[in-house]
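Undergrad: fold the following for me, if possible:
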Amino acid sequence: MIEVTQLHKSFAQQQVLRGVSLTIDEGESVVIIGGSGCGKSVLLRHIIGLVQPDEGDVKIDGQSIADLSERELIKVRRKFGMLFQGAALFDSLTVEENVGFLLEREQTMSPAEIRGTVADALELVDLGGTQTKKPAELSGGMKKRVGLARAIVYKPEIILYDEPTTGLDPVVADSIDQLVIRMRDQLKCTSIVVTHDTRSMRRVGNRVMMLHHGEIHANGTPDDIFNSTDPVVHKFVNGIADPKDLEF
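TA: Below you'll find the model as predicted:
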């Protein structure tokens with residue numbers, strides 16, 4: 001479903017991605033781990049077509065993003081839902097308005113259809129009845145759930161999660177992980193989860209890739225990664241900081 005080939009990207013003469021190649025099959029739940037600044041979020045933005053590579057290619061269902069017109073790229077992006085690290089909600093809008101924001105802009109559904117679609121998405125993330133609340137009235141975990149409802153309102157084929165448990169306590173983080181698993185199982189979607197949380201890694205991933213210095217350093221099952229004897233992988237999953245080896 002997703003094929004990334006020899007992806008290179010630099011910002012301000014700093015090379016972030018150095019020849020990243022990977023494939024993700026339909027229905028997989030892939031976790032991408034790595035230290036801060038190693039290129040995890042940049043890789044996600046390449047996959048969804050928000051950033052163009054300096055070199056390399058990204059293909060979705062066998063079609064190169066680079067070959068698409070803007071209209072075709074918008075159509076491909078409809079395959080994706082994305083939960084941003086900070087939920088990225090509009091403070092002045094209600095929960096219902098936040099989740100249905102893009103549906104309103106497209107003007108392809110009636111107001112009643114939008115309300116029903118939004119209500120269904122909120123029920124799926126256990127937020128039924130919150131439509132009239134504003135983000136200021138919500139906890140951090142609830143804001144993440146609203147962001148997830150917005151990500152699934154199109155019933156996407158692929159959901160991208162950018163640090164979904166950042167800033168949450170362990171109990172709330174576990175509830176978000178359970179939602180990631182539910183989305184995969186109920187919506188039958190492909191999941192890509194960027195995280196530095198090794199507990200989440202073990203809970204939600206069928207496969208784990210570790211980015212290090214802009215390259216795929218390790219690729220395997222959660223148990224393979226967690227029990228790895230590779231020094232870089234071992235230090236990361238066990239929380240052993242070493243600036244010589246890891247980019248913190």
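
Undergrad: quick check: next helix or strand after the helix or strand that contains residue 74?
TA: Residue 74 belongs to helix 70-77 when assigned by DSSP states H and E. Downstream of helix 70-77, the first helix or strand assigned by DSSP H and E is strand 80-83.

Undergrad: and the residue nearest to residue 1 when sequence neighbours are not counted, how far is that from residue 203?
TA: In this structure, residue 1 finds its nearest non-sequential neighbour in residue 26, 4.5 Å apart by Cβ to Cβ, 6 or more residues apart in numbering. The way it works is simple: take the backbone N, C-alpha and C, and place the C-beta from them, glycine included. According to Cβ to Cβ, to the nearest Å, residue 26 stands 21 Å off from residue 203.

Undergrad: so for these two, which sits in the more crowded spot?
TA: Per other Cβ atoms under 10 Å, whichever of residue 26 and residue 203 has more neighbours is residue 203, with 20 against 12.

Undergrad: quick one: contacts of the helix or strand containing the more buried one?
TA: Here residue 203 sits within helix 198-204, counting by DSSP H and E. The set of residues external to helix 198-204 that reach it, using Cβ atoms under 8 Å, 6 or more residues apart in numbering, is 29, 31, 33, 164-165, 170, 173-174, 177, 180-181, 184, 191, 193, 195, 208, 222-223, 225-226, 236-237, 239.

Undergrad: switch the cut-off to 7 Å
TA: Residues outside helix 198-204 that contact it (Cβ atoms under 7 Å, 6 or more residues apart in numbering): 29, 31, 33, 165, 173, 177, 180-181, 193, 195, 208, 222, 226, 237.

Undergrad: report the two of these separated the most.
TA: Within those, 181 and 237 form the most distant pair, 20.3 Å apart (Cβ to Cβ).

Undergrad: neighbour count for the two, which is higher?
TA: Taking neighbours as other Cβ under 10 Å, residue 181 and residue 237 compare with residue 237 leading, 21 against 14.

Undergrad: quick check: pLDDT value at the more buried one.
TA: Here, the pLDDT recorded for residue 237 equals 89.

Undergrad: also residue 243?
TA: Value for residue 243, per-residue pLDDT: 54.

Undergrad: ok, now how distant is residue 239 from residue 50?
TA: According to Cβ to Cβ, residue 239 and residue 50 sit 31 Å apart.

Undergrad: could I have the ChimeraX command that selects the buried members from the contacts of helix 198-204?
TA: A single ChimeraX command suffices to select whichever of those are buried according to 16 or more other Cβ atoms under 10 Å:
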select :29,31,33,165,173,177,180,193,195,208,222,226,237
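
Undergrad: and the contacts of helix 198-204, which of them are in strands?
TA: Judged by DSSP state E, those include 29, 31, 33, 193, 208 as members of strands.

Undergrad: need the residues you listed in CSV with distance to residue 7 and pLDDT, can you?
TA: Output for the ones in strands among the contacts of helix 198-204, formatted as CSV (distance: Cβ to Cβ, whole Å; pLDDT from 0 to 100):
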residue, distance to residue 7, pLDDT
29, 21, 94
31, 18, 96
33, 17, 93
193, 19, 95
208, 19, 96
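
Undergrad: out of these, who's nearest residue 13?
TA: Checking these against residue 13 with Cβ to Cβ, the nearest one is residue 33 at 26.3 Å.

Undergrad: give me the number of residues near the nearest residue to the closest one once chain neighbours are set aside?
TA: Nearest residue to residue 33, sequence neighbours excluded (Cβ to Cβ, 6+ apart): residue 210, at 5.2 Å. Residue 210 has 25 neighbouring residues, counting by other Cβ under 10 Å.

Undergrad: same question for the one 4 residues further on.
TA: The local packing count at residue 214 equals 24, with neighbours defined by other Cβ under 10 Å.

Undergrad: I'd assumed residue 15 was in contact with it.
TA: Yes. With contact defined as Cβ atoms under 7 Å, residue 214 and residue 15 form a contacting pair (6.1 Å).
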